[in-house]
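**Student:** mind folding the following:
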Amino acid sequence: MSHGKHFTLYSHKAAPNGWKPAFLLNELGLSYETVYLDLFVTGEQKKPEYLKLNPNGRVPTLIDHKNNDLTVWESGAILLYLVDKYDTEKKYTGADDKGKAEVLQWLFFQVSGQGPYFGQAAWFANFHHEQLPSAIERYKAEIKRVLGVLESVLSKQEWLAAGKFTIADLAFVSWNNVGVIAQTVDFETDFPATYKWHQKLQQIAGIKAGLAERARLNA
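**Tutor:** Numbering: from 1, shown residues only. As a prediction, this is how the structure comes out:
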């Protein structure tokens, strides 16, 4: 593979987590090449050559070719690496201790709460080999809970952290687009402040470009 680009991003065309670093790379104006792995037919993410990069065998993984091919996996860790090294103006993170802490707490809430719960809801509702009503009910309840947490804050303020758009907001976008939400709640009616925030996020240039590319790839 040619390393003409600054980064190589290993991702998947549809999987939400891989789009988070793409959104931020777009916003930062950093050049990258995306390698879309086949997760379901050939299982490229479990092949030895990929496991050398990411022992967890998941996406995303990012290689920084201008930093000795430093490799970072886990979407939250990738976002933090990128802002720490390349967001020199602290545009997408907190500028002081309070702002940094706010960004971290929301980012950790996304990677430990929203992503896993929304993912399990989608799995048990749409992909599991048998219908398990108790599991579907549990994870759809978690969708409502997570959206309720966001609503409780976004009904009082425009952004989650540091009084501005940051990686804390960006991290939620791709999972808030999963289809299982529409199977669970009326997003606009039940969580109006969160819905408004989500619509605004989708118009931010780097996110909008990423979503357009995702739609093109999955058309």
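
**Student:** helices along this structure, start to end?
**Tutor:** Taking DSSP state H as the test, the helices found in the chain are 16-28, 48-51, 75-86, 97-109, 115-122, 133-154, 167-170, 180-184, 187-190, 192-201, 205-217.

**Student:** packing partners for the last one?
**Tutor:** Where contact means 3 or more CB pairs under 8 Å, 6 or more residues apart in numbering; DSSP states H and E, helix 205-217 is packed against helix 16-28. C-beta here means a position set from N, CA and C on the backbone, and glycine is covered the same way.

**Student:** from the middle of its chain, how far away would the helix it packs on be?
**Tutor:** 7 Å (CA atoms, centre = their mean, to the nearest Å).

**Student:** flag every buried residue along that helix.
**Tutor:** Across helix 16-28, burial judged by 16 or more other CB atoms under 10 Å covers 16-28.

**Student:** got the angle for it vs helix 97-109?
**Tutor:** 150 degrees (axes from the mean of the first three to the mean of the last three CA atoms, to 10 degrees).

**Student:** could I get the phi/psi values of Phe172?
**Tutor:** With angles defined as degrees, to the nearest 10, Phe172 sits at phi -90, psi -20.

**Student:** pretty sure it contacts Gln114?
**Tutor:** Yes - at 6.1 Å, Phe172 counts as touching Gln114 under the criterion of CB atoms under 8 Å.

**Student:** roughly how far apart are Glu188 and Gln105?
**Tutor:** The gap separating Glu188 from Gln105 is 26 Å, by CB to CB, to the nearest Å.

**Student:** circling back: overlap in contacts, Phe172 and Gln114.
**Tutor:** Common contact partners of Phe172 and Gln114 (CB atoms under 8 Å, 6 or more residues apart in numbering): none.

**Student:** what lies in contact with the lowest-mean-pLDDT helix or strand in the chain?
**Tutor:** Using mean pLDDT, DSSP states H and E, the weakest-scoring helix or strand in the chain turns out to be helix 115-122, at a mean of 85. By CB under 8 Å, 6+ apart, the residues outside helix 115-122 that reach it are 16-17, 75, 135-136, 139-140, 142-143, 145-146, 175, 178-181, 184.

**Student:** count the residues that sit near Tyr86.
**Tutor:** 17 (other CB atoms under 10 Å).

**Student:** give the contact list for Ala77.
**Tutor:** Contacts for Ala77 (CB under 8 Å, 6+ apart) come out as none.

**Student:** if you could redo that for Lys196, that was the one I meant.
**Tutor:** The neighbours of Lys196, taking CB under 8 Å, 6+ apart as the test, are Leu154.

**Student:** same question for stretch 172-186, mean pLDDT?
**Tutor:** Stretch 172-186 shows a mean pLDDT of 92.

**Student:** how long is that stretch end to end?
**Tutor:** 18 Å (CA to CA, to the nearest Å).

**Student:** list the buried residues of it.
**Tutor:** 172-176, 178, 180-181, 184-185.

**Student:** now that stretch, how far from the centre of its chain.
**Tutor:** On CA atoms, centre = their mean, the centre of stretch 172-186 falls 13 Å from the chain's centre.
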